[in-house]
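Student: sharing a model that was predicted from the sequence below.
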Amino acid sequence: GAVCVGGALRYRGRRDAGDGARLEHELLVYATERLQRIDGLRIYGTQPDKCSIVSFTVEGTHPYDIGMILDKTGVAVRTGTHCAEPVMTHYGITSMVRASFALYNEFSEIDRLEAGLQRAVALDERGVLVSVFCEYIFKVEIYAEKLFFVKYIYDVIYEIFAGSGIFKKLPGELVAENTL
């Protein structure tokens, strides 16, 4: 522990006190600009002097699915209600994604965040995303290239949970409802 604290103090000592705040603001502005390019993405909390956190939803794609896809690409985000469930319920939001930036982050990480979000949206538009339910219950990694392999599992899941509202059956395929 003491070695880490010493390293952190040396790192902090090399920076001006305002450098960290400036960098975090620049990361926030950059992330906001990049994420606004994504169709259907809505950022919550856009006041000018906010901390370097971007909370968002993407129309038609469940936040847990986004979190799962981003995790597979090495991007860490938080999903859920973020200890704000009463406020979110008031505004009709069930959950969202939150990306946080600090002085140790780099602009290239925001580029990876945007690329991962683009991938999640593209997968969902093609009807390939199966909600996080399948990922954690059946430990199946779901990608468009592997759809033929997991089709049988989808059919079995549908038969088990038919009528539950979790899944809807489409001709020739199974698509998860975003109800979890």
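Tutor: Happy to help now that I have it. Quantities reported herein were computed from a predicted structural model and do not represent experimental measurements.

Student: give me the pLDDT for Arg12.
Tutor: Turning to Arg12, the model gives it a pLDDT of 62.

Student: what's the answer for Asp71, then?
Tutor: For Asp71, the predicted pLDDT is 87.

Student: and it, what helix or strand is that in?
Tutor: Using DSSP states H and E, Asp71 maps to helix 63-72.

Student: next structured bit after that helix?
Tutor: Counting by DSSP H and E, the element that comes right after helix 63-72 along the chain is strand 78-80.

Student: check which residues of that next one are buried.
Tutor: Burial within strand 78-80, assessed by neighbour count using 16 or more other C-beta atoms under 10 Å, is assigned to Thr79, Gly80. In short, each C-beta sits where N, CA and C put it, glycine included.

Student: so what touches that strand?
Tutor: Here strand 78-80 makes contact (C-beta atoms under 8 Å, 6 or more residues apart in numbering) with Pro63, Tyr64, Ile66, Gly67, Ser95, Met96, Val97, Arg98, Ser100.

Student: ok, the third one - how many residues close by?
Tutor: When you say that, I think you mean Ile66. Neighbourhood size, Ile66 [other C-beta atoms under 10 Å]: 28.

Student: which residues sit in contact with it?
Tutor: Counting by C-beta under 8 Å, 6+ apart, Ile66 touches Val58, Val77, Thr79, Val97, Leu117, Ala120.

Student: change it to 6 Å
Tutor: Val97, Ala120 (C-beta atoms under 6 Å, 6 or more residues apart in numbering).

Student: where does this protein have low pLDDT?
Tutor: Where the chain drops to pLDDT under 70, the residues are 1-17, 124-180.

Student: quick one: the strands in this structure?
Tutor: Here the chain has its strands, by DSSP state E, at 41-44, 53-58, 78-80, 96-100, 167-170, 173-176.

Student: sheet partners, orientation included, of the shortest one?
Tutor: Applying DSSP bridges, strand 78-80 is found paired with strand 96-100 (antiparallel).

Student: next one: the first one
Tutor: Strand 41-44 sits in its sheet next to strand 53-58 (antiparallel), going by DSSP bridges.
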